[in-house]
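Colleague: Sequence and computational prediction follow.
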Amino acid sequence: SEYGTQLAPGLYAPYHQHFFVARMHMAVDATPGKKTANSVVQIDTVAKPTGPQNPHGNAFVVRETLLESEGDAGRDCRSISSRHWEIRNNDKVNRNGMPTAWRLVPHKNVLPFASPEAKFQRRAGFLNHNLWVTNYNLNERFPGGEFPNQNPRVGAGLTTWIQRDGNLVDGNLVLWYVFGVTHIPRLEDWPVMPVEYTGFALKPSGFFDRSPVINTELEEDAAPTMVAKSCL
């Protein structure tokens with residue numbers, strides 16, 4: 001069949017995808033009891049045209065795009081520009097006078113191959129972007145809304161919440177990162193499938209004034225560890 005892989009006589013494994021959603025109430029450098037002033041900035045790397053400011057043609061710069069509203073914050077990964085996002089606190093600065101921030105760095109990622117008319121899209125429209133940003137709401141916990149399998153409403157969850165188009169500048173924000181893998185089965189996946197990796201990284205970006213590992217203290221009583229390796 002053109003829709004899958006034959007693993008053994010009479011055993012067929014269809015092509016499919018796995019998706020996960022990480023809901024992150026960031027509150028970067030926030031002070032309890034005070035207003036949180038977080039904003040999300042999209043960062044893309046762009047080649048600088050060859051010219052007087054780039055005579056050797058090897059320079060590149062970054063372009064920043066502020067995500068200003070919920071309706072405009074549905075974004076996708078773009079590995080060709082090393083796209084990532086920073087969550088910045090505009091009320092706090094580091095020693096260079098720049099806002100303290102944390103960086104969301106994608107690992108490999110995918111979008112659905114299913115068409116918009118696919119039935120599951122009625123409940124899982126949130127899969128159509130890798131990143132969503134909304135204002136914090138205690139009752140908005142699940143990207144597909146409450147009880148999506150029994151929910152008669154079409155488009156409940158993120159695809160409904162972003163329609164209010166709330167302001168995202170200097171707010172109390174939630175990031176929803178959608179990540180997954182496309183599984184084209186191999187013969188080696190059966191009868192025991194190996195591990196498949198996907199995910200993302202959260203990294204401080206100007207949150208500390210220097211590398212935080214500089215002040216890491218060694219454990220005086222820690223016993224040395226020996227790792228034995230062998231080749232068969």
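Modeller: Thanks, I have the structure now. For clarity, every value in this text was computed on a predicted model and none was experimentally measured.
Colleague: What segments of the chain are helices?
Modeller: For the chain, the helices defined by DSSP state H occupy 158-161.
Colleague: pLDDT weak spots in it?
Modeller: Scanning the chain for pLDDT under 70 picks out the ranges 150-155, 218-232.
Colleague: Leaving aside the residues adjacent along the chain, what's closest to the residue nearest the centre of it?
Modeller: Closest residue to the average C-alpha location of the chain: residue 177 at 3.9 Å, with Cα atoms, centre = their mean. Nearest non-adjacent residue to residue 177, counting by Cβ to Cβ, 6 or more residues apart in numbering: residue 22, 4.6 Å away. Every C-beta, even on glycine, is put in place using the N, C-alpha and C of the backbone.
Colleague: you'd agree the one you found is up against residue 174?
Modeller: No - Residue 22 lies out of contact with residue 174 (Cβ atoms under 8 Å); the separation is 10.5 Å.
Colleague: And the two? Which one has more around it.
Modeller: Neighbours per residue, other Cβ atoms under 10 Å: of residue 22 and residue 174, the larger number sits with residue 174, 20 against 14.
Colleague: Only the C-alpha atoms, please, for stretch 59-75, written as PDB.
Modeller: C-alpha atoms of stretch 59-75 as PDB (Å, rounded to 0.1, in the frame of the first residue of the first chain):
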ATOM      1  CA  ALA A  59      27.900  38.400   7.600                       C
ATOM      2  CA  PHE A  60      24.400  37.800   8.900                       C
ATOM      3  CA  VAL A  61      22.100  39.600  11.400                       C
ATOM      4  CA  VAL A  62      18.900  38.800  13.300                       C
ATOM      5  CA  ARG A  63      15.500  40.200  12.700                       C
ATOM      6  CA  GLU A  64      13.100  40.600  15.600                       C
ATOM      7  CA  THR A  65       9.300  40.500  15.400                       C
ATOM      8  CA  LEU A  66       7.200  41.400  18.400                       C
ATOM      9  CA  LEU A  67       4.100  39.200  18.800                       C
ATOM     10  CA  GLU A  68       1.600  41.900  19.700                       C
ATOM     11  CA  SER A  69      -1.700  40.100  19.800                       C
ATOM     12  CA  GLU A  70      -3.200  36.700  20.300                       C
ATOM     13  CA  GLY A  71      -4.600  36.600  16.800                       C
ATOM     14  CA  ASP A  72      -1.200  37.200  15.300                       C
ATOM     15  CA  ALA A  73       0.800  34.900  17.500                       C
ATOM     16  CA  GLY A  74       0.200  31.600  15.700                       C
ATOM     17  CA  ARG A  75       3.700  30.900  14.500                       C
END
